[in-house]
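Peer 1: fold the following, please.
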Amino acid sequence: MAGTRFSYVKTFELPDPLLPETYMVLRLDGHGFHKFSDTHGFAKPNDERALQLMDAAAAAVMDEFRDVVLAFGESDEFSFLLRKKCTLYNRRQSKILSTLVSFFTSVYVLRWPAFFPDTPLLYPPSFDGRIVLYPAQQHVRDYFAWRQADTHINNLYNTTFWALVQQGGQSTTQAHETLKGTVASGKNEMLFSRFGINYAALPARFRKGSVLVREVPKVEPELDVDAAGGVSETDACQDAVPPTTSAPSKRQKKVVVVLHEDIIENQFWDDRPELLA
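Peer 2: Numbering: from 1, shown residues only. A predicted model of the protein is given here:
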């Protein structure tokens, strides 16, 4: 309580404001998700239910915090871009980081039964996070290009690895040894020649990750949205949060949509100049 002889302890709290006029990128990662995914029987190399659940949690974050203008996710991680002029919590790093990561985690737990109705949550998941500041638009673009390139590299490796194990009869140790020193073209050739898998024909969600932005919906969304703003399982790929229920107006409200497209080339950014404005 203020004014007591004990209040001096507050002087030990140090301010942690983030540099103004910079882009904030908050990246969160699943903590110990190898064990978590094995315990809960995630499909390998990709579990679409788990990816849709991550998308739903990220969409809820964007719906709750309007300063988040873009999100990109792959596997058990998500990156959130906060606008350059953001003044959320007076740009206090600890407050922004702890609030967004805890909100994402709580929605992930809350929405679990919608995506894994036959798999009880055996223990709580956790996510760690960090905030990195970028001074220029090109830095932001290069960051998200890096994450999408990482998505492709990891997924190509994992797809080939699990094909060797599940269809090729190799042990995990043998599969790692088979892939040692291989390049992308070699993995693509191995997938096609040995297992008849055309990597380019795999779902874009797996190859490109998930990109979340706000857009005017092209069609009226029909989503089952809970109190936390998560999207339903059936609509998680073509999502919008929240659904529009009122009569159409001249100016439609933008909603969060999930895309699976290229964010490395110029087209994505040229079509959405407001993201880096």
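Peer 1: low-confidence regions, the stretch 101-250 of the chain specifically.
Peer 2: 219-250 (pLDDT under 70).
Peer 1: can you map out the helices along it?
Peer 2: For the stretch 101-250 of the chain, the helices defined by DSSP state H, counting those that start in this stretch occupy 137-166, 172-179, 184-195, 204-208.
Peer 1: point out the most buried one among those.
Peer 2: helix 204-208 (a mean of 19; mean count of other CB atoms under 10 Å). (Each C-beta comes from the backbone N, C-alpha and C, glycine too.)
Peer 1: can you show me the CA trace of it as CSV?
Peer 2: The C-alpha trace of helix 204-208 is given here as CSV (Å, rounded to 0.1, in the frame of the first residue of the first chain):
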residue,chain,number,x,y,z
ALA,A,204,0.9,-24.5,-48.6
ARG,A,205,0.2,-24.4,-44.8
PHE,A,206,3.1,-26.8,-44.3
ARG,A,207,5.5,-25.3,-46.8
LYS,A,208,4.8,-21.6,-46.2
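Peer 1: for that helix, packing partners?
Peer 2: The contact analysis (3 or more CB pairs under 8 Å, 6 or more residues apart in numbering; DSSP states H and E) places helix 204-208 against helix 48-64, helix 137-166.
Peer 1: of all these, which lies closest to S102?
Peer 2: Nearest to S102, of all the helices and strands packed on helix 204-208, is helix 48-64, at 10.5 Å by CB to CB.
Peer 1: would you mark the buried spots in that closest one?
Peer 2: Judged by neighbour count (16 or more other CB atoms under 10 Å), helix 48-64 contains these buried residues: 49-64.
Peer 1: rewinding a little: distance to V9 added to the helices and strands packed on helix 204-208, as a markdown table?
Peer 2: Below are these laid out as a markdown table (distance: least, CB to CB, whole Å):
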| stretch | distance to V9 |
| --- | --- |
| helix 48-64 | 32 |
| helix 137-166 | 38 |
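Peer 1: so which of those helices is nearest L122?
Peer 2: Of all those, helix 48-64 comes closest under CB to CB, at 14.4 Å.
Peer 1: which strands and helices sit next to that closest one?
Peer 2: When contacts are defined as 3+ CB pairs under 8 Å, 6+ apart, helix 48-64 sits against strand 68-74, strand 77-82, helix 93-115, helix 204-208, strand 210-215, strand 255-259.
Peer 1: output those as TSV; include the columns distance to F195.
Peer 2: Converted to TSV, the helices and strands packed on helix 48-64 look like this (distance: least, CB to CB, whole Å):
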stretch	distance to F195
strand 68-74	23
strand 77-82	27
helix 93-115	28
helix 204-208	16
strand 210-215	26
strand 255-259	29
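Peer 1: so which of those comes closest to M24?
Peer 2: strand 77-82 (4.0 Å).
Peer 1: roughly how far out does that closest one sit from the chain middle?
Peer 2: 7 Å (CA atoms, centre = their mean, to the nearest Å).
Peer 1: do the same with stretch 188-207
Peer 2: The chain centroid and the centroid of stretch 188-207 are separated by 23 Å under CA atoms, centre = their mean.
Peer 1: straight-line length of it, end to end?
Peer 2: 13 Å (CA to CA, to the nearest Å).
Peer 1: need the contact list for the closest residue to N46 other than its chain neighbours.
Peer 2: With CB to CB, 6 or more residues apart in numbering as the criterion, N46 has its nearest non-adjacent residue at 4.8 Å, and that residue is F206. Residues near F206 by CB atoms under 8 Å, 6 or more residues apart in numbering: 45-46, 51, 155, 159.
Peer 1: next one: F80
Peer 2: The contact partners of F80, by CB under 8 Å, 6+ apart, come to 25-28, 58, 61-62, 68, 70-71, 100.
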